[in-house]
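Chemist: Pasting a predicted model and its sequence here:
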There are 2 protein chains.
Amino acid sequence: MILEAAAGVFAESGYDGASTTAILARTGLTRGALYHHFPSKEDIAAALVDVQSEALVAPERPIRLQAAIDLTLSFARKLQRDPVLQAGVRLTVEQTSFSEGKVVAYQRSAEVVLALLAEAAERGELRPDADVGDVADLVVGAFTGVQLMSQIYTERRDLLHRTSVLWRCLLPGIAAPELLPHLRTAPEPVDGTAK
Amino acid sequence: MILEAAAGVFAESGYDGASTTAILARTGLTRGALYHHFPSKEDIAAALVDVQSEALVAPERPIRLQAAIDLTLSFARKLQRDPVLQAGVRLTVEQTSFSEGKVVAYQRSAEVVLALLAEAAERGELRPDADVGDVADLVVGAFTGVQLMSQIYTERRDLLHRTSVLWRCLLPGIAAPELLPHLRTAPEPVDGTAK
């Protein structure tokens, strides 16, 4: 509730232009109640940024590289419609006086991808020349830019297509050749289990 | 001169926080002289964004795909040290009241890459299944995110390495297999001809 209100205020005014007074007005909380949860505006921003790691849950897949692909597709789908997640992403992309938490946000995302890629490498799913650290950073960096472009072009409506293209072009450079025919880069149809 | 002053003011205050008064103070121009060149703050921002297209000059290379690689490496090198270019990139990445020119900035960059990839496709340098439009957009989007991550991690000191990794991972998915051994993804050593 507080994070939704803060996301709305940051969306309208940017981080530096947003005031806790405006956030308070939207939540209906007293200043004391807000400060009990978040002692400063920076703490609110840090909590918004943390929402990204919470949205990065690796799905169970027999092929770990498929789990990495589906992780980004599922994140993309959430990002299309969740204003709190959108605010968190924006805070990690823009240069504002909120800067401390940004490196951590990228590192956490890269760690989730790295863990999947390390398992994939152990199972022989990757090309032997793939550097898992470099590839994990590349996936996070490239996805960050692809979602920015999608946001600017279509307000993220084409984000699933662009995420699929990213993987389709990347996989031959990182996956073991014999695995390629078994990997799916298109999003799964939304069903009861998809969040 | 005006653009350098504006880049400095935008860097300190962001687009929405920057005032033409602050830009004037830094240039030493009169308001009339500034308005003669740029009738509004938006016009200054548009000119800063245009600097990106000017920095995207395709180098002459026998292999057109190599020209595309070297284009991004040379752009990366300029971006490491040119505050005017840095301001232009920032304006295309952040959500501010300057929004009109952003789509155009991405489109122009994608067009330069697309022209090289279309020539590469004609010459048989690409995999037959590579969609040049999708790949051009991916290169621009992925580079945008990779440079953002490099900026946040190392103030862009590792940008050339990250750009090389991007191409090393992408090329097997887009280049004709027989061309792969002939493509260089590492930056050329800086010599007299490099800008």
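Modeler: All right, it came through fine.
Chemist: count of residues packed around A:L180?
Modeler: Applying other Cβ atoms under 10 Å in any protein chain shown, we find 12 other residues in the vicinity of A:L180. C-beta coordinates here come from the backbone N, C-alpha and C atoms, glycine included.
Chemist: same question but for A:A47, I mixed them up
Modeler: Close neighbours of A:A47, defined as other Cβ under 10 Å, add up to 17.
Chemist: which residues does it contact?
Modeler: By Cβ atoms under 8 Å, 6 or more residues apart in numbering or on different chains, the contact set of A:A47 is A:3, A:38.
Chemist: Can you pull out the low-pLDDT segments for chain A?
Modeler: Scanning chain A with the threshold set as pLDDT under 70 gives A:191-195.
Chemist: Helices along that one, start to end?
Modeler: Shown for chain A, the helices assigned by DSSP state H span residues A:2-17, A:20-27, A:31-37, A:41-55, A:64-81, A:83-93, A:100-122, A:132-154, A:159-174.
Chemist: tell me which residues in the first one are buried?
Modeler: Within helix A:2-17, the residues that count as buried by 16 or more other Cβ atoms under 10 Å in any protein chain shown are A:2-3, A:5-10, A:14-16.
Chemist: for the third one, same thing?
Modeler: For helix A:31-37, the neighbour count (16+ other Cβ under 10 Å) marks A:L34 as buried.
Chemist: can you list the residues that contact it?
Modeler: Helix A:31-37 is contacted from outside by A:2, A:20, A:23-24, A:27, using Cβ under 8 Å, 6+ apart.
Chemist: Just give me the neighbour total for the closest residue to A:A118 other than its chain neighbours.
Modeler: The spatial neighbour of A:A118 that comes closest, neighbours along the chain excluded (Cβ to Cβ, 6 or more residues apart in numbering or on different chains), is A:V132 at 5.5 Å. By the criterion of other Cβ under 10 Å, A:V132 has 19 neighbours.
Chemist: Buried ones from the contacts of helix A:31-37, can you make that a ChimeraX selection?
Modeler: The buried subset of the contacts of helix A:31-37, as determined by 16+ other Cβ under 10 Å, is captured in ChimeraX by this line:
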select /A:2,20,23,24,27
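Chemist: now the contacts of helix A:31-37 as a markdown table including distance to chain B?
Modeler: Below are the contacts of helix A:31-37 laid out as a markdown table (distance: Cβ to the nearest Cβ, whole Å):
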| residue | distance to chain B |
| --- | --- |
| A:I2 | 22 |
| A:T20 | 18 |
| A:I23 | 18 |
| A:L24 | 22 |
| A:T27 | 23 |
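Chemist: picking that back up, of all the helices of chain A, which lies closest to B:W167?
Modeler: helix A:159-174 (9.2 Å; Cβ to Cβ).
Chemist: For chain B, what's its nearest residue on chain A.
Modeler: A:G145 (2.5 Å; Cβ to the nearest Cβ).
Chemist: residue contacts, that residue?
Modeler: For A:G145, the contacting residues are B:140-148, by Cβ under 8 Å, 6+ apart.
Chemist: nearest to chain A, of those?
Modeler: Of those, the one sitting nearest to chain A (Cβ to the nearest Cβ) turns out to be B:G145, at 2.5 Å.
Chemist: Who's the closest spatial neighbour of the spatially most central residue of chain A, skipping the chain neighbours?
Modeler: Centroid-nearest residue in chain A: A:Q52, 5.0 Å away (criterion: Cα atoms, centre = their mean). Leaving out its chain neighbours, the residue that sits closest to A:Q52 by Cβ to Cβ, 6+ apart is A:G88, at 4.8 Å.
Chemist: what's near enough to touch the one you found?
Modeler: Per Cβ under 8 Å, 6+ apart, neighbours of A:G88: A:7, A:48-52, A:105.
Chemist: quick one: which two of the residues you listed are the most distant?
Modeler: Largest separation among the contacts of A:G88 by Cβ to Cβ: A:A7 and A:A105, giving 15.2 Å.
Chemist: Is it correct that A:S13 is in contact with A:I23?
Modeler: No - judged on Cβ atoms under 8 Å, A:S13 makes no contact with A:I23 at a distance of 10.1 Å.
Chemist: picking that back up, among the buried residues of helix A:2-17, which two are most distant?
Modeler: Within these, A:I2 and A:D16 form the most distant pair, 19.3 Å apart (Cβ to Cβ).
Chemist: Using CSV, please lay out the helices of chain A together with distance to B:V112.
Modeler: Listed next are the helices of chain A as CSV, based on distance: least, Cβ to Cβ, whole Å:
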stretch, distance to B:V112
helix A:2-17, 30
helix A:20-27, 42
helix A:31-37, 48
helix A:41-55, 32
helix A:64-81, 27
helix A:83-93, 23
helix A:100-122, 28
helix A:132-154, 15
helix A:159-174, 18
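Chemist: Counting neighbours, what do you get for the spatially closest residue to A:V135 that is not a sequence neighbour?
Modeler: Take A:V135 and drop its neighbours on the chain: the residue closest to it by Cβ to Cβ, 6+ apart is A:I174, 5.4 Å away. By other Cβ under 10 Å, 28 other residues sit near A:I174.
Chemist: Quick one: residues contacting A:I174.
Modeler: So A:I174 contacts A:65, A:126-127, A:130, A:135, B:169 (Cβ under 8 Å, 6+ apart).
Chemist: of the residues you listed, buried ones?
Modeler: Members of the contacts of A:I174 classed as buried by 16+ other Cβ under 10 Å are A:65, A:126-127, A:130, A:135, B:169.
Chemist: and which of those is nearest B:L73?
Modeler: For those, the residue nearest B:L73 by Cβ to Cβ is B:C169; the value is 15.1 Å.
Chemist: got the contact list for that closest one?
Modeler: By Cβ under 8 Å, 6+ apart, B:C169 lies in contact with A:130, A:134-135, A:138, A:170, A:173-174.
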